[in-house]
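[1] I would like to see how this sequence folds:
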Amino acid sequence: MLGGARVYKLGRYTNFLLVMEAQEVGRRFCKAYLASHLNGRWDELAGTEKKSFAGKSNIKQQPAWIEQVSRGEILRSSYDQRMEIDRMGALLAMIKEHR
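    Okay, here's the model as predicted:
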């Protein structure tokens with residue numbers, strides 16, 4: 001893990017999503033883990049560069065202009081401190097810093 005880890009609550013569900021920046025072979029990408037409770041077991045959702053939550057392998061671009069994804073932030077349901085996101089929106093709307 002490099003940094004930029006964030007934990008989100010998945011809307012009306014009791015699940016939580018952890019998104020963190022990682023690096024393999026010099027490339028940055030975002031990993032993701034799911035848990036039913038904050039103090040529970042965190043199951044890997046996307047944990048490698050080839051199977052990343054956000055990375056070169058799953059961002060389609062034409063023409064190609066980025067090699068790495070860093071410090072992802074999911075667009076939240078509101079602007080308060082709860083870090084709550086819409087479950088489907090998590091997969092569709094992510095702001096990324098590119099390199």
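[2] now the helices for the protein?
    For the chain, the helices defined by DSSP state H occupy 89-92.
[3] middle-most residue in it, spatially?
    V19 (3.8 Å; C-alpha atoms, centre = their mean).
[4] Can you give the contact residues for stretch 36-55?
    Stretch 36-55 is contacted from outside by 7, 14-19, 22, 24-25, 27-35, 56-58, 68-69, 72, 94, 96, using C-beta atoms under 8 Å, 6 or more residues apart in numbering. Yep, even glycine has a C-beta here, placed from its N, CA and C like the rest.
[5] Could you pull out the buried residues of it?
    Across stretch 36-55, burial judged by 16 or more other C-beta atoms under 10 Å covers 42, 46-47, 49, 52-55.
[6] Quick one: neighbours of C30, just the number.
    By the criterion of other C-beta atoms under 10 Å, C30 has 25 neighbours.
[7] That one contacts M20, doesn't it?
    Yes: using C-beta atoms under 8 Å, C30 is in contact with M20, at 6.8 Å.
[8] still on that earlier bit, so what's the residue nearest to the centre of the chain up against?
    Going by C-beta under 8 Å, 6+ apart, V19 touches 5-6, 8, 30-32, 53-54, 72, 74.
[9] give me the beta-bridge partners of it?
    Beta-bridge partners recorded for V19 (DSSP bridges): R6, A32.
[10] wait, L10 sits on I85?
    Yes: L10 is within contact range of I85, at 6.4 Å (criterion: C-beta under 8 Å).
[11] neighbour-wise, which of these two wins?
    Per other C-beta under 10 Å, whichever of L10 and I85 has more neighbours is I85, with 21 against 18.
[12] which residues sit in contact with the closest residue to that one other than its chain neighbours?
    Distances taken as C-beta to C-beta, 6 or more residues apart in numbering place Y8 nearest to I85, at 4.7 Å, with adjacent residues excluded. Listed by C-beta under 8 Å, 6+ apart, the contact set of Y8 reads 16-19, 74, 76, 83-85, 90.
[13] hmm, which of those are the buried ones?
    16-19, 74, 76, 85, 90.
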